[in-house]
Each structure stands twice: as C-alpha cells, then as structure tokens.
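# Sequence first, predicted model second:
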Protein chains: 4
Amino acid sequence: MFVLVNLKTYPCDPVAVAEAAADVAADTEARIAVAPEAADLRAVTDALAGSDAEPFAQHVDPVPPGSSTGHALAETLADAGAVGTLCNHSERRLRLDRIDGAVDAADRTGLETVVCGNTPTQVAAAAALGPDAVAVEPPELIGTGTPVSAADPDIVEDAVAAVAAVDPDVDVFCGAGISTGDDVVAARELGAEGVLLASGVAKADDPRAALTDLVEPL
Amino acid sequence: MFVLVNLKTYPCDPVAVAEAAADVAADTEARIAVAPEAADLRAVTDALAGSDAEPFAQHVDPVPPGSSTGHALAETLADAGAVGTLCNHSERRLRLDRIDGAVDAADRTGLETVVCGNTPTQVAAAAALGPDAVAVEPPELIGTGTPVSAADPDIVEDAVAAVAAVDPDVDVFCGAGISTGDDVVAARELGAEGVLLASGVAKADDPRAALTDLVEPL
Amino acid sequence: MFVLVNLKTYPCDPVAVAEAAADVAADTEARIAVAPEAADLRAVTDALAGSDAEPFAQHVDPVPPGSSTGHALAETLADAGAVGTLCNHSERRLRLDRIDGAVDAADRTGLETVVCGNTPTQVAAAAALGPDAVAVEPPELIGTGTPVSAADPDIVEDAVAAVAAVDPDVDVFCGAGISTGDDVVAARELGAEGVLLASGVAKADDPRAALTDLVEPL
Amino acid sequence: MFVLVNLKTYPCDPVAVAEAAADVAADTEARIAVAPEAADLRAVTDALAGSDAEPFAQHVDPVPPGSSTGHALAETLADAGAVGTLCNHSERRLRLDRIDGAVDAADRTGLETVVCGNTPTQVAAAAALGPDAVAVEPPELIGTGTPVSAADPDIVEDAVAAVAAVDPDVDVFCGAGISTGDDVVAARELGAEGVLLASGVAKADDPRAALTDLVEPL
C-alpha cells in the first residue's frame, strides 16, 4: 500500500513532516511519500535521505529543458530528489494534451507518475496515457474528513475496474477525506493500491502520530 | 465514411459551403457534415434543411444552462440545429475534466461527440470518456496539404488499434492535411471511419467541386 | 444610461427578451442592449431590427480570420449584427494579453467593447487596454439580487475614479445583483454610465415588465 | 540599473550562475538578481548569501496558504529566500484577475513584483495593478540575440511613457534579445530602469564573463 502525503501549500513545516515520514517508514511495510511545494523539495529530500520514505513533486510541466519560465521541469525535480510526481490534481487541472506531455516528461527522467482525476471515467482516460498510477479523488470530498471509501465506495471500485479495462498495469490510488488507518484499510479492500492524503497529516499537531495511525492497521 | 468539414474562422461563406454540401450529399453514400462558427450555426442549419448533410458545432462547453457567460451551451447548439459537435480540437484544447464534462453535456441533448487529439495515445484517452468518435490530428500537419494518411500512416493505424483496445464502439476519424478523394480513401484503408478537413473545402474557389472530389472515389 | 442585458446560458427565449427590449427601448432615453449566446445572435439581431435596442455578443476571441476552431471571431459577430461585445466576464476570464488582443479584434470590426473586471483595480487595468467601457462586477454579488450599488457603493465610486485616472474616455459600468430601477439610479448616482444585468430580466416571467421597471426611474 | 537574470528551465547550473552573480555584484553599482526554477531557489539563495546579488522567483500564484496543490505560494518563495518575483512572463501568461491576485499575494509577504507584458499597452495595464515594476518583452524577440532596444526602441520609450501615465511609481524594465553591455546601456538611455535577460547568461560558457560584460559599461 502506498501512502502519498500531499503537503499542498499548507503552512506546515515540510521538513518536520518529512522527518516523521522517515521514522514511520522504518516500521511499516507501506510505502510512504511526501510531496512538498517545489521550493521545498530539496529540503524534504535531505530530510528523507537514508530513509525508506520518498520525496514526490506535486506537479510537473510538459516542457523540455529550455525557454519555459515559471514551469516545473522534470529534470530539475529529479535532480532535486523527487522519485515521482502528482499530475492533474484537482487543484491543478491540465489540458489532456498537457497531461500526455507531462507523463512523457516524467518518463524522460524516470519520475513515477500519479495522474489524478475526479471520476472513474477520468482516471480511465488518464490510464490510457501510460502513467504508473492514477488517483481518483472526488473534489467535493477533498478536505472534508469524510473518506471517499465511506462516502462513495463505488467510486473506488469503479475506478479500479475502469482502469483495469484500459491498462491493468496502471495502479489505482484513491483520495479525498482520508485521515485514519481504517480509511486506508477500506481503500485497500476496495481495490486501491494507494491513498492520497493531505490535511490529515499536514495539519496534524503531531504528524508522526497521524502517519503512524494511518499505516498501523495495514 | 464521414466527411466533416470544419469551417474554423475562415472568411468563407458558410451558407455557400452548406449549400454545396447539401448538393453533394444527395449523390454519395458518404455522410457529410458542416461545422461553422456558433454564430453561423442557424444559417447553416437552414441551408441544410431537407438535405442529407448535417450541421455540426465546433465546440461545446461543459456547462449546464444558467450562469455561464460566453460559453457554448449544448442545449443551444442542439436548438440551433446541430446534430453533433467537435470537442478538444487542437485549436481549442480543453482540460481533461472539461472534455469529460463536455461529452456529458452533449449527451444530455443528444449531440454526437467527436473528441480530437494529437496522437493515438490522446485519442485512446479520449475514447475512455465515452464519445461517439475520436479524431486523431497531428497538429504539425494541419493546413499543410500533406495528408496524415501519407505523411504518417502509422498514426492512423495506431489510433484505430489504441481506441479499439479502450472501447471498440468509438469510431476513429483522422484529419490534418486531407484535401483529395485519394486522401479520404487512404484514410479509410488505414481503418478510419471518417475524416476531418477544413481549408481544402473552406478555402476552395468552388466548394461543390472540392467536396465532389473528396467523396467521388468512395 | 446604458442597460446591458446578458442572457448568459439561461434557458430563456432570447427572441422574446429581444422583442421586449425593442418595445421598451422605444419609450426611454436609456440605451438598451441584449447579449445572447453566439448561436442566438442572428435571431436576436433579427428581433431587434428597426428598433433602438442593440445586439451584443458575450465574448470575442483575440483571433484573426483563419485557423481558429471553436472561437468567436469579431468579423462573424459583427456580420451577425452585434454592435458590441462583453469581454473578460467573470464567467469567462481571459489572460491579460488575450484581453488586449480581443479589444484589438473588436476594434478591427467596429465592435464596441465592454471589458469586465472584479475590482476597481482590475477595471483600471482593463481601461489601459483602450476599450470603450469597462464594467466592475464583484463576483460574489452576481446573481444574488443584492445590488453592488447597495452592498458596496465604494466599489463603483472607486472604479469610476481609478478608470478616470487611467483614461477618462473609458466609460464605467457596474453589475452584479442589479434588478430594479432604483438599483440603476443608484448606479448612475455613483458615477456609472451603464449597468450589466442578467437574471433580473432573463429569468423574469415578464421580461418587458422587468425592463420597464429598470428604465422607468431614469 | 537592475539586471535580472531569468534561468528559465535552461540546463545550466543555477548555483554556478549565482556564484558568478555574487562576484560581479560586488564590483558594480548595478543591482543583479538571479531567478531560478522554484526547486532551485533555496540553492541559489544559499549561493548568494552575504553577496549583493538577490534571489528572485520566476512565478508566483494568486493563492493563499492552504489547499493549492502544485502552486507557487508567496510565503514559501519568501521563506526560500526570494526577494522578488517575475509574474506573467510571456512563457507563463496569466489571466488578468490572477495577475492582480499574484501581485496581492507577493505584497502579502514583501516580495517585489515585476509583471511582464508583450507591449506598452499591456505593461500599462499591468502597472494599474500596483506592482513594483513592469517589464516589456516583445515575445518575437525573446532568445533572438537582437535586443529590443535596437530592433524596436519605440517599444521601450512607449512603455515608459504609458506606464508613467498610469502610475509614475512603477519602474519599467525591458527584455528580449539583450545580451551585451551596450544593450543594457541602450535600454537605460530609452528610459528603462532594468533589463530582463536569460540565454545570454544562462547559456554562456562563462556566466561570470557574460555578467561582467553586461554591467561594465554602466
């Protein structure tokens, strides 16, 4: 099971979350990644060095090295330590052709790709672009504390089935409202191979305890 | 075979092209559609009334009736006579979630959907959204007069195979550089069930002759 | 005073609203315009023919005649009868460079331009692009029935002052929540030379009565 | 005179350029800044520590701290050492309302803002949004090696005049094609208070020599 912690632009300390992730990753079979803002990526990479937890980027642009002011270049993210990246998060939606280009850009440098979508249909479409994984996240549940696995379990099962029909090699994650270990277990039982979460860890007073709670039941 | 004439924003007379299409449609097995700008849609519908040729829209927005200034509402396009619509043309690319919403909006009113993409991969992704057809158009060939069927026949065959793997009920069209009947035949032989073309008819001195040339070899 | 009725994508009958506008325009000093969807523009133009009311477009794209699928070309809007167009409405925001291009495109064909913005600052910026008018509309008041002139009269006065400092030849309109003649009078007293409104007329059971109420106190 | 070196997504070593900038800044009256990708910002800040050269960001998003995946938060850029940021570069154009929001976001954290535009008209509009500076850069000259000050000096003079008419407190920079000290002097003589440049330094074999050439004639 993959637990991907998206720090968004929360006013948290990304290094503290990374250190918590490094600690918790040592005691679990689950794979843990932390996705900070681009400007915090190297600091998170440093904090995770030598641990089993992994740095991720929140976004990658479909551009080559060169004249692309204000973009996130795959090579730079990889150089800053990212092993993978989110793409097309509901807070950073892209055009279809640009998601295609972003997956290609990530592939160019060996970054894993997790392409997000609102619905089973959208993640099935995303799966056709050849990412490593897709993540279904109903936007209306993001940040609510009501997990998608409880609010609408069909979304997860439908996404798993729809993606398998397009490309069975693409993993399916789910997100939105996930904050407890029970939510993670429920996601796994519905067929998800990973979860995306954010506020449950990023806004926690004790990120280490929050992460421990998330992976303990696995 | 479906011949879809996209008038773009060319300074042509859309009614004259529509009248030519109406004439030519009477003498061919091919299905012919004309896609004018939204503001010309009713005039084209009037010119095609009683003929076998069909009015199409160039774009539909993923919005419901209501507060959406400056958008193309599916209901209004249908009311103006459109039987279908292009979507995500390379000159009007959309976000993945909005293509999904646009297909749903078109379905709401019975409009056929032809979702465009640059590559076999992109039209396979589009096929997962449940349109009636997809159209693969390499942007670098648009307007060149070099047909995709000659410049890069693999693109058409790959698109047909990739879309069939996702949803065999979705038709595959191709476009870019198509201007002669031979190009249309070549597209059909590569597995396409339709072609998108624009300047070859819209900029022709004699649109009727241009359309006749296109469908005659079929 | 200019009363610009934006029909958005409301499920109203644009011809009926146009006929009401034609009637009411005959009995008032106020200038009245009706802005339907692009696909309804010719029908509204026909309904307004011979009257003092005027057809407007809701949006114009910064493109020349040619290869621009799914766009609103200034020449086509003018040919369909529009005398002017909205631009950058809060439901159809544009990039700064595209607003600049849209104003130029409209100028190319003699269309009047009304560039919208959320705040006095934004309409002052828009005024620097050389439109005929700008319209300040706080998005949070749109469709509320609470007029900007009552909810936040400073917005109108500040917009008038900020625009005058940039270019005194640019008219200032205001919008959001305007539905009565008192609202129009209040807008005029705050320095606005026009109002934008939508649901108050487009959703009225009797558009003629609604329009009459709006212009009567002027 | 302000010399702002935009590293874009060039495959250069941002730390080496920063070290060169630190050296050159010690021997000139000119203000020098280096704008790397977000993921390289902290490394550049470290390399510039204790020098007179300054770290800049290439882009800032109009978002508050919170739920904004894949965005550049002003607070994070400032925390990573940026003293200012570009905004609306021609390779990263924004909607008018978002430029307004980005300037506000930068102000929130004390970041200087340099809002770019293609034309004198666009930078005059940008000036109305209250940035510290605007930069006029004709996109067709970017990366050409033909400086705007030679290719079209009127653009610089017109921008200076247009911005002064809107807000005389806003500085005017120019960019596109600038690569020599003579180009910088010419820009200054046309009224610019700064220059934007990129490839001339980022792609130089010897960035220190390139920067020295740029500031020596000042």
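Nice, I can see it. Keep in mind that what you see is a predicted model, and the values were worked out from it rather than measured.
# Go ahead and confirm residue A:96 touches residue B:117.
Yes: the pair residue A:96 / residue B:117 is scored as a contact, 6.9 Å apart, by Cβ atoms under 8 Å. Where C-beta positions appear, they are placed from N, C-alpha and C, glycine not excepted.
# Which residue of these two possesses the greater neighbour count?
residue A:96 (30 against 27; other Cβ atoms under 10 Å in any protein chain shown).
# Residues that sit against both of residue A:96 and residue B:117, list them.
Common neighbours of residue A:96 and residue B:117, counting by Cβ atoms under 8 Å, 6 or more residues apart in numbering or on different chains, are B:88, B:125, B:126.
# The helix-or-strand element of chain A with minimal mean pLDDT: which residues count as buried?
Scoring the helices and strands of chain A by mean pLDDT, DSSP states H and E places helix A:148-151 at the bottom, with a mean of 81. Neighbour counts over helix A:148-151 (16 or more other Cβ atoms under 10 Å in any protein chain shown) mark A:148, A:149 as buried.
# Strands of chain A, start to end?
A:2-6, A:31-35, A:54-57, A:84-87, A:112-117, A:133-136, A:171-175, A:194-197 (DSSP state E).
# near chain B, which residues of chain A?
Residues of chain A lying close to chain B by Cβ under 8 Å from any Cβ of the partner chain are A:88, A:90, A:93-97, A:99-100, A:117-119, A:121-122, A:124-130, A:162, A:165-166.
# Filter those residues down to the buried ones and hand me the ChimeraX line.
Applying 16+ other Cβ under 10 Å to the residues of chain A next to chain B leaves a buried subset, and the ChimeraX line that selects it is:
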select /A:88,90,93,94,95,96,97,99,100,117,118,119,121,122,124,125,126,127,128,129,130,162,166
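# so where's chain A uncertain?
Along chain A, segments meeting pLDDT under 70 are nowhere present.
# Which residues of it lie near chain D?
A:6, A:8-11, A:37-43, A:57-59, A:63-73, A:75-77, A:79-80, A:86, A:89-92, A:142-143, A:198-199.
# now with 6 Å?
The interface of chain A toward chain D, taken as Cβ under 6 Å from any Cβ of the partner chain, is made up of A:6, A:8-9, A:11, A:37-39, A:41-42, A:58-59, A:65, A:67-71, A:73, A:76, A:80, A:89, A:91-92, A:143.
# Could you give me the PyMOL syntax to select whichever of the residues you listed are buried?
In PyMOL, a selection of the buried entries from the residues of chain A next to chain D looks like this (16+ other Cβ under 10 Å):
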select buried, chain A and resi 6+8+9+37+38+39+41+42+58+59+65+67+68+69+70+71+73+76+80+89+91+92+143
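# where along chain A do the helices fall?
A:14-25, A:41-48, A:74-79, A:96-108, A:120-127, A:148-151, A:153-166, A:181-189, A:199-202, A:207-215 (DSSP state H).
# Now the residue lying farthest from the centre of chain A. Its backbone dihedrals?
Distance from the centre of chain A peaks at residue A:67, with 28.0 Å (Cα atoms, centre = their mean). Main-chain torsions, residue A:67, degrees, to the nearest 10: phi -90, psi 80.
# tally of neighbours for the closest residue to residue A:213 other than its chain neighbours?
Excluding its sequence neighbours, the residue lying closest to residue A:213 (Cβ to Cβ, 6 or more residues apart in numbering or on different chains) is residue A:181, at 5.2 Å. Per other Cβ under 10 Å, the neighbour tally for residue A:181 reads 18.
# Make sure residue A:181 is actually in contact with residue A:211.
No: in this structure residue A:181 lies outside contact range of residue A:211 using Cβ atoms under 6 Å: 9.9 Å.
# I'd like to know which of the strands of chain A is closest to residue B:206.
Taking Cβ to Cβ, strand A:112-117 is the member of the strands of chain A nearest to residue B:206, at 46.8 Å.
# Who are the contact partners of residue A:18?
Applying Cβ atoms under 6 Å, 6 or more residues apart in numbering or on different chains to residue A:18 gives the contacts A:34, A:44, A:47, A:48.
# measure it to chain C for me?
36 Å (Cβ to the nearest Cβ, to the nearest Å).
# where's that residue relative to chain B, distance?
Distance from residue A:18 to chain B, by Cβ to the nearest Cβ: 30 Å.
# Can you tell me the closest non-neighbouring residue to that residue?
Using Cβ to Cβ, 6+ apart, the nearest residue to residue A:18 is residue A:47, at 3.7 Å.
# show me the contacts for the one you found.
A:15, A:18, A:19.
# And for the last one, the neighbour number?
Put plainly, it is residue A:19. Neighbours of residue A:19 (other Cβ under 10 Å): 19.
# before we move on, what about residue A:107?
There are 15 residues near residue A:107, going by other Cβ under 10 Å.
# and if you look at residue A:164?
15.
# just the one 4 residues further on next, same as before
The local packing count at residue A:168 equals 9, with neighbours defined by other Cβ under 10 Å.
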